[in-house]
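J.: what follows is a predicted structure for the sequence shown.
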Amino acid sequence: MAKENLTVKDVAEYLNRSETTIYNMLNNGELPGIKLGGKWIVRKNDLDEFLNNMLAEQQN
């Protein structure tokens, strides 16, 4: 079963970026996520939608 909620580490691995880059993107509102108990959580569906939107923008 695939994870529905991703940690910063998960997102960094998924996007092949550093954890620092992911933290910066989350803090700047560039990536969708919520802070729970001091830790960032990114829903996989939100991340996939974000990536689809970015791809669509680049193709236009």
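T.: Structure's in. What do you need? Numbering: from 1, shown residues only.

J.: next one: I34 from L6, what distance?
T.: Separation of I34 from L6 (C-beta to C-beta, to the nearest Å) stands at 12 Å. C-beta coordinates here come from the backbone N, C-alpha and C atoms, glycine included.

J.: look through this protein and tell me its longest strand.
T.: Counting by DSSP state E, the longest strand found in the chain is strand 39-43.

J.: would you mark the buried spots in that one?
T.: 40-42 (16 or more other C-beta atoms under 10 Å).

J.: ditto for stretch 4-24
T.: Of the residues in stretch 4-24, those buried (16+ other C-beta under 10 Å) are 6, 8, 10-12, 22-23.

J.: one more: stretch 23-31?
T.: Buried residues in stretch 23-31, defined by neighbour count with 16+ other C-beta under 10 Å: 23, 25-26, 31.

J.: with stretch 49-60 instead?
T.: F50.

J.: follow-up on the earlier one: from the buried residues of stretch 4-24, which ones fall inside helices?
T.: Using DSSP state H, the members of the buried residues of stretch 4-24 that fall in helices are 8, 10-12, 22-23.

J.: strands along this structure, start to end?
T.: Secondary structure of the chain, counting by DSSP E: strands at 5-6, 34-36, 39-43.

J.: relative to the shortest one, what are the paired strands and their orientations?
T.: Counting by DSSP bridges, the strands paired with strand 5-6 are strand 39-43 (antiparallel).

J.: ok now the partner strand, how far from the chain's centre?
T.: 8 Å (C-alpha atoms, centre = their mean, to the nearest Å).
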